Every structure is written in C-alpha cells, then in structure tokens.
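Novice: Below: sequence and its predicted model.
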Amino acid sequence: MIDNLALKLRPTCLEELSGQKHLSSENSPFFKLLKSGTIPHCIFFGPAGVGKTTLARIVSKELELPFYELDATSVKVDAFRTIFANHKHSLAKPLIFIDEVHRLSKTQQEVLLLPMENKEAIIIGASTENPYFTLSSGIRSRSMLFEFFSLHVNDLEEVIERAKAIVEFSIDTDAKRYLLDSSAGDSRSLLNLLEFAIKVDTHVTLEILKSLRPNALKDGVSSDDTHYNLISAMIKSVRGSDVDAALYYLARLIDGGESADFIARRLVILASEDVGNANPNALNLASSCLNAVSKIGFPESRIILAQTLVYLTCCPKSNSCYKGINEALAYVKNEKALQIPSHLKSPSPKGYKYPHDFGGWVEQNYLEKNLHFYENSTMGFEKTLEEWLKKIKS
C-alpha cells in the first residue's frame, strides 16, 4: 500500500503540472523565462493544493539552484541571514521558498528587501492571501506576482489517472464524481481522501468516501475568493441596492467561516463611504452592529449582520464625503501648504469674527485661497444639509 500519495505524485517538471496553463504552457512568459535559465523574485498566490510549492521546487530543479523551504509561521530572521552568508561567494545563488509568506512580520519583510535588490538569492513566496493586501510595497515592487487558480474537474481527473498508474484501485462513477466535486479544486485534498479510501478498500465507493469526508470542502476564508472577492461582491451589491445579492454573499462569508467582527467592520466603513450623510443613521446602526457582534458571536450574530446589511442596502447612497476627503488629501500631498489666516490662529487674535455674535454666521475667510472639495449629492438627508447651509448663509 502506498503512503503519502500526494507527495509521490508531485510533478517534477512544468509539463506535469496540473492546471495553471497560463504558467506552464510553452507560450507562457513564465515558461519562457524558466527555460531561458532566469527567473525573477516571485509571489505565488491562490488557493491551497493547486501547485504553488510544486512550481517552486520545479524552478529550483530546472535552474539547478540550492533550495531552501521555509515556513513563515516559524522562520526566524537569522535563518535568512545564515543562508545569505553561506552563499555569499557562491556562483549559484540559492532559491529560498517561503510558504505562507503573508505571515512574515514587517521586520522580516524588511530584512529581505536589500538581499532581493542585490540578487543575493531568488525569493519565491507562496500565499493563500492576496499579496496586494498582505505584503509590503517593497516586497511587491521587487517581485513578479503570479496568481494560481483552483483546478478544474478535467485537471483533477488527470490527477486520478496518474494515481491509477502507481496504485491499483477501482472507483464507482458516483464515488468519482463526489471525489472530484468535494475537493474544491484542491489536488492535495483529493489525493489524501483517495489514499485513505484505498486503504479501507481498493474498490472505492461513495459510502467509503462520505464516511471519510461527510461534507464537501469549502474554499475557507483564507483563499482569495472567499475573503477579498466575496467581501468585495457583498459591498458592491449593497452599493448597488440589491438586497438578495448582498444577503447571498453575506451567507457565503458566514458559511465559509469569516469572522463576524471582520464583516461588521466592513459594514461600518461602507456606511460612511457609500451611504454617508444621505442617511447619517446608517453609521450609527453599523457601529452598533460592530459592538453587538463583538459581544455575541455566531450563530446569533448572523441576524444582526443581516439586519444591518439590509438597512444599508435600502438606504439612499452618497459618496460625497468620501470624495471630498480624498480630494482634500490629494491637494495637501501635492500642493504647497497654505498659510493659516492670522485671525484663525490660537489663541484667537484680534480680527476673528465670532459667528454666534452675528446670528450664527458671518462672512470671513477661512483659507488664504478659494478651494472646493465637497460637492453635495442632494441624495436623502444630504438635500436637507444643503438647505440648512443655504439658510445659515442667507
């Protein structure tokens, strides 16, 4: 009986790699770079079990480089420094593969910057998280980012056929379908389930598979799809006032194991960014939601999240404040700082007109030049705010 089927079937060249044709096909830029004998620093990101570690090993073998495999959850800064020192005068620079690279601390990432710049080693990181959100700009600017995708059914069928070449077994049609569908595009998961099913009986049935894996795998909150893409889809559905779509994506996030706090924090941001003063109560409700779910947790928090989500989806929408602060920040960053008018400085000097002494408003300069950042959308309560402002100044 074969042990560790996934390890024994691990591809050793690009041609054997399942899926990822955008990287492994002869016409792909990655394939051409590798065959030319050079490769940049890389960040491989995508779901688990789709070939990220395998491709790093293939690169090392193809280029005949010393290979170091490190885990970001336990690696120490000294481990990097030791590798760099040991190969300081070597002609063949090492390839350092860092699994779960998004878990490197800020200090650990900074330690890599200069060696990456000086090509003291080739760094390949693998992550189930989107590097645009989890890695520093310094790491990203020195690396090429390559996305990996879940394997298609045809890719997984190829994996099963390769398994048949090294271990004798038979599998019922319905069992094969369950094996393919329940593995969530993860070849390692498929092979692990298949291996233990064969140990039970070399004739694999649906009953055996379901006894070992009662439910289909889910992508999990760490994958790009269920984390950033799902939260993005939920927010865009709320912004677009589609209640059913928003609830669907909320359900996907909850079912995938996303934390109630994370979802509630996104709703607080959304309430200000996309509803704003069109309905100021939206921010109050979202803030109350965040406070409530932090004390209650699942499963009851699903109701609080749903109530807040539906309310925000049905609200009139305005991004006037969001646009206004962005334009003001852009001006501050790109233009020379304006002098504060002397009558506005602290303590209030002579010349400042106290608005309450003039019935609530008096004309005076608050900036040394006329600037305009805020544009009222007149949506919902913003229309009332605009009317208030006009009445005050009249």
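Specialist: All right, it came through fine. Residues are numbered from 1 along each chain as shown.

Novice: My guess is Leu112 contacts Ile123. True?
Specialist: Yes. Leu112 sits in contact with Ile123 when judged by C-beta atoms under 8 Å, with a separation of 6.2 Å. Yep, even glycine has a C-beta here, placed from its N, CA and C like the rest.

Novice: The two: which is more packed in?
Specialist: Using other C-beta atoms under 10 Å, the more surrounded residue of Leu112 and Ile123 is Leu112, with 26 against 23.

Novice: Assign that one to helix, strand or coil.
Specialist: helix (DSSP: H, G, I helix; E, B strand; the rest coil).

Novice: That one and Gly138, how far apart?
Specialist: 8 Å (C-beta to C-beta, to the nearest Å).

Novice: Likewise for Asn365?
Specialist: Using C-beta to C-beta, one obtains 43 Å as the distance from Asn365 to Gly138.

Novice: One more: Leu309?
Specialist: 37 Å.

Novice: and if you look at His203?
Specialist: Taking C-beta to C-beta, one finds His203 at 55 Å from Gly138.

Novice: ok, now Ala260?
Specialist: To Gly138, Ala260 is 33 Å away according to C-beta to C-beta.

Novice: Compare these two and say which is more crowded by neighbours.
Specialist: Ala260 (23 against 15).

Novice: Please report phi then psi for that one.
Specialist: Backbone torsions of Ala260, given as degrees, to the nearest 10, read phi -60, psi -40.

Novice: thought it was touching Glu300?
Specialist: No. Assessed by C-beta under 8 Å, Ala260 is found out of contact with Glu300, at 9.4 Å.

Novice: got any ranges where the stretch 1-150 of the chain has weak pLDDT?
Specialist: 1 (pLDDT under 70).

Novice: residue ranges for the strands of it, please.
Specialist: 42-45, 67-71, 95-99, 122-127, 144-147 (DSSP state E, counting those that start in this stretch).

Novice: Could you spell out the sheet neighbours of the longest one, each with its direction?
Specialist: On the basis of DSSP bridges, the sheet neighbours of strand 122-127 come out as strand 42-45 (parallel), strand 95-99 (parallel).

Novice: nearest to Asn4, of those strands?
Specialist: For Asn4, the closest of those is strand 95-99, at 17.6 Å, according to C-beta to C-beta.

Novice: from the middle of its chain, how far away would that closest one be?
Specialist: Remark: strand 95-99 is offset 20 Å from the chain centroid, using C-alpha atoms, centre = their mean, to the nearest Å.

Novice: Using PDB, write out every CA atom in stretch 3-11.
Specialist: Extracted in PDB, the C-alpha atoms of stretch 3-11 (Å, rounded to 0.1, in the frame of the first residue of the first chain):
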ATOM      1  CA  ASP A   3       1.700   6.100   1.700                       C
ATOM      2  CA  ASN A   4       1.600   9.800   1.000                       C
ATOM      3  CA  LEU A   5       0.100   9.600  -2.400                       C
ATOM      4  CA  ALA A   6       0.100  13.400  -2.900                       C
ATOM      5  CA  LEU A   7       3.900  13.500  -2.300                       C
ATOM      6  CA  LYS A   8       4.600  10.600  -4.700                       C
ATOM      7  CA  LEU A   9       2.500  12.200  -7.400                       C
ATOM      8  CA  ARG A  10       4.100  15.700  -7.100                       C
ATOM      9  CA  PRO A  11       5.100  16.900 -10.600                       C
END
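
Novice: May I see the buried residues of that stretch?
Specialist: Within stretch 3-11, the residues scored as buried using 16 or more other C-beta atoms under 10 Å are 5-6, 9-11.

Novice: Ok, stretch 59-66 next?
Specialist: 59-60, 63, 65.

Novice: neighbouring contacts of it?
Specialist: 12-14, 34-35, 37-39, 67, 87, 90, 92-95, 97, 122, 124 (C-beta atoms under 8 Å, 6 or more residues apart in numbering).

Novice: Could you rerun that using 7 Å?
Specialist: 12, 34, 37, 39, 67, 87, 92-95, 122, 124 (C-beta atoms under 7 Å, 6 or more residues apart in numbering).

Novice: got the end-to-end distance for stretch 295-304?
Specialist: 12 Å (C-alpha to C-alpha, to the nearest Å).

Novice: can you list the residues that contact it?
Specialist: Counting by C-beta under 7 Å, 6+ apart, 254, 260, 289, 292-293 sit against stretch 295-304.

Novice: farthest-separated two in those?
Specialist: Greatest spacing in these, by C-beta to C-beta: Ile254 and Ala292 (15.3 Å).

Novice: ok, Glu26 - contacts?
Specialist: No residues are in contact with Glu26 under the rule C-beta under 7 Å, 6+ apart.

Novice: Burial check on Glu117, number of neighbours?
Specialist: 12.

Novice: To Glu168, which of the strands of the stretch 1-150 of the chain lies closest?
Specialist: When the strands of the stretch 1-150 of the chain are compared by C-beta to C-beta, strand 67-71 sits nearest Glu168, at 31.9 Å.

Novice: Within the sheet, what are the partner strands of the closest one, with directions?
Specialist: strand 95-99 (parallel).

Novice: Name the residues that touch the strand it pairs with?
Specialist: Outside strand 95-99, the residues touching it (C-beta under 7 Å, 6+ apart) are 53, 56, 59-60, 65-72, 83, 104, 121-126.

Novice: Over to stretch 229-241?
Specialist: Contacts of stretch 229-241 (C-beta under 7 Å, 6+ apart): 245-246, 249-250, 252-253, 266, 270, 274, 309, 312-314, 317.

Novice: what are the ranges of the helices in the stretch 201-350 of the chain?
Specialist: Secondary structure of the stretch 201-350 of the chain, counting by DSSP state H, counting those that start in this stretch: helices at 206-212, 230-239, 243-255, 260-270, 281-296, 301-314, 320-334.
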